[in-house]
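Let's see this in three dimensions:
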Amino acid sequence: MKKTLIIALGIFLPIFLMGSVFGHTSPKLVKMDTSFLRDLHYAPAEMVHQDWNEYTNSWENEFKISFHYNRLDFDLPVIDHLEYYAFEDGEWVLGFEGFVEYNDQGFITNLYVQLEVEPDQFVNFIEVYAEYDAQNRLTIFKGYQKEDEELELNFALDIQYNNWYDMIVYQYIYDSWEENEEDAKVVIELDDQDRMAVQTVYVTDDGGEEWYLSDKISISYHPQDTSSIVDYIDYISRLMPLLYLFGDDSMNYGMISEEYFAYWDDDSWHTYEKHVYEYNSLLQNIKIEECWPSYPDWYNYYSQFLTYDTHGNMTEILGKYNEDGTWVPDDKLSISYIPWTDVSDEHIPAIDRVSLQAYPQPFADQINLIAESKAGGAISIDIFNLKGQLVRSFNAVSGQNVIWDGKDNRGKNLPSSVYLMRANQDGISANKKIIKLK
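Numbering: from 1, shown residues only. Predicted structure coming up:
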């Protein structure tokens, strides 16, 4: 059975290790929508992927992933390891395990995916490394996969920040399937609410001496969306190693309304696809339409239907493709959860951390800021604008309610914008976005 599984993985990996990140191609272990990781209410316990068999008119198990935790000290569950099972001959067979390591701030620094090739003999076939700056922003990311007998770098990010929102992303991508490598640069443009509006991808063939236009993603948002580039940076910083393994086809954040995908050719942009997002009255994304250009309108060739439970957890992602006007099931991902309190381990010492609250959001005249730490005592609160400039500082005690009137340290009223709140105690810090409106 083990040899059969190894052969299956050898076939499986090259097929599914393609997706997109920052508007360009990158490897993925399994292609799936990772929206359920964005606003967690409960901890994911298990994901089961099934394919539709049109001959038997039934769902067939393909793989499942189980999550295991050691503690819940941060805003997201701290995953200790995950297990991948393939469905073979009517039973689940353990294929590989992934082990996660964190820094003191709760951000993933290392992730190892191991395969048991012989009893009690394991081989790493994927390794992931991530680095962060003093603001807990992802700066360096490297993903390695086993090629022949060695681990080879096949995806890397180098993110350079001038301030909180002005960043340029450099990529290295190696496609083992096509035996092709490429360097890319992604330039991000924001809209008037500091949300990512355009990702423009440039490529080079001379080590960065000259860059050429390649791809572009244009994004519009739901009228009630309140996200910003700060949320996006926090999202990729916390989850990039998992997105590398289980990412979807886009890495955007917020209540997106539409995405347009284009490539550069003959001195002009050519749009080749768009995605349309639909929301219910609870502002939950319930449908994603993937469309091709088709005169005089668009042809919706594939759709995903998303279902939630009463706690707001995404429980199912159902994919259907359009076959001459009839929607035919394609695949289904079912997700189960457990309450965060059920995965706490009192025998493992908690990591000291700082938690933040800010309300009401957005605010016009004043906002309540509360920073707490498990250690108690004095704690500093700093407010930064999107240029990374310090505009207001407070000294407080853990749990104290601090009122900010939207003015800087000199008493000058600050403009409507997104601001970043940072609380710090003895080198342990946490960040939170604050939105000020007129």
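
from here on, contacts and neighbour counts on C-alpha atoms
OK.

what's residue 378 in contact with, if anything?
Contact partners of residue 378, counting by C-alpha atoms under 8 Å, 6 or more residues apart in numbering, are 395-398, 425.

What lies in contact with stretch 195-214?
Under C-alpha under 8 Å, 6+ apart, the answer for stretch 195-214 is 22-24, 182-191, 215-220, 227-229, 252, 263-264.

no no, stretch 129-147
By C-alpha under 8 Å, 6+ apart, the residues outside stretch 129-147 that reach it are 105, 107-111, 124-128, 151-160, 233-234, 236-237, 241, 244, 431.

what are the C-alpha coordinates of it, in CSV please?
The C-alpha coordinates for stretch 129-147 follow below in CSV (Å, rounded to 0.1, in the frame of the first residue of the first chain):
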residue,chain,number,x,y,z
TYR,A,129,10.7,29.2,5.6
ALA,A,130,9.4,32.7,6.4
GLU,A,131,10.9,35.8,7.8
TYR,A,132,9.2,38.9,9.2
ASP,A,133,10.2,42.5,10.1
ALA,A,134,9.7,44.3,13.4
GLN,A,135,6.1,45.1,12.5
ASN,A,136,5.3,41.3,11.9
ARG,A,137,5.1,41.8,8.2
LEU,A,138,6.2,39.0,5.9
THR,A,139,9.4,40.0,4.1
ILE,A,140,11.0,36.7,2.9
PHE,A,141,9.3,33.5,2.0
LYS,A,142,10.9,30.4,0.5
GLY,A,143,9.3,27.1,-0.5
TYR,A,144,11.4,24.0,-1.4
GLN,A,145,10.2,20.8,-2.9
LYS,A,146,12.0,17.5,-3.5
GLU,A,147,13.3,17.1,-7.0
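
Show me how far it is from its chain's centre.
A distance of 14 Å separates the centroid of the chain from that of stretch 129-147, by C-alpha atoms, centre = their mean, to the nearest Å.

in that stretch, what counts as buried?
Using 16 or more other C-alpha atoms under 10 Å as the test for burial, stretch 129-147 gives 129-132, 136-145.

Show me the two of those that sit farthest apart.
With C-alpha to C-alpha as the measure, no two of the buried residues of stretch 129-147 lie farther apart than 136 and 145, at 25.8 Å.

which residues in the stretch 201-350 of the chain form helices?
229-246 (DSSP state H, counting those that start in this stretch).

could you point out where it is predicted with low confidence?
247-251, 340-350 (pLDDT under 70).

how about the strands in the stretch 1-150 of the chain?
19-21, 24-26, 43-53, 58-71, 78-88, 91-102, 108-118, 121-132, 138-147, 150-161 (DSSP state E, counting those that start in this stretch).

any idea which helix or strand comes after the last one?
Meaning strand 150-161. Helices and strands here follow DSSP states H and E; after strand 150-161, the next one along the chain is strand 167-175.

With only the CA atoms kept, save that next one in CSV.
Below are the C-alpha coordinates for strand 167-175, written out as CSV (Å, rounded to 0.1, in the frame of the first residue of the first chain):
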residue,chain,number,x,y,z
MET,A,167,5.3,47.7,-1.2
ILE,A,168,6.9,45.9,-4.1
VAL,A,169,6.9,42.1,-4.3
TYR,A,170,9.7,40.2,-6.0
GLN,A,171,9.1,36.6,-6.9
TYR,A,172,11.1,33.6,-8.0
ILE,A,173,9.1,30.7,-9.6
TYR,A,174,10.3,27.3,-10.8
ASP,A,175,7.8,25.2,-12.7
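
list the helices and strands the helix or strand just after it packs on?
Once the chain leaves strand 167-175, the next helix or strand it forms, by DSSP H and E, is strand 180-190. On a contact count with 3 or more C-alpha pairs under 8 Å, 6 or more residues apart in numbering; DSSP states H and E, strand 180-190 meets strand 167-175, strand 196-204.

got the ones you listed as CSV, with distance to residue 435 columns?
Output for the helices and strands packed on strand 180-190, formatted as CSV (distance: least, C-alpha to C-alpha, whole Å):
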stretch, distance to residue 435
strand 167-175, 20
strand 196-204, 16
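
and residue 333, which of the ones you listed is closest to it?
strand 167-175 (26.4 Å).

Check which residues of that closest one are buried.
167, 169-175.

for stretch 209-216, same thing?
Applying 16+ other C-alpha under 10 Å to stretch 209-216 flags 211, 213-216 as buried.
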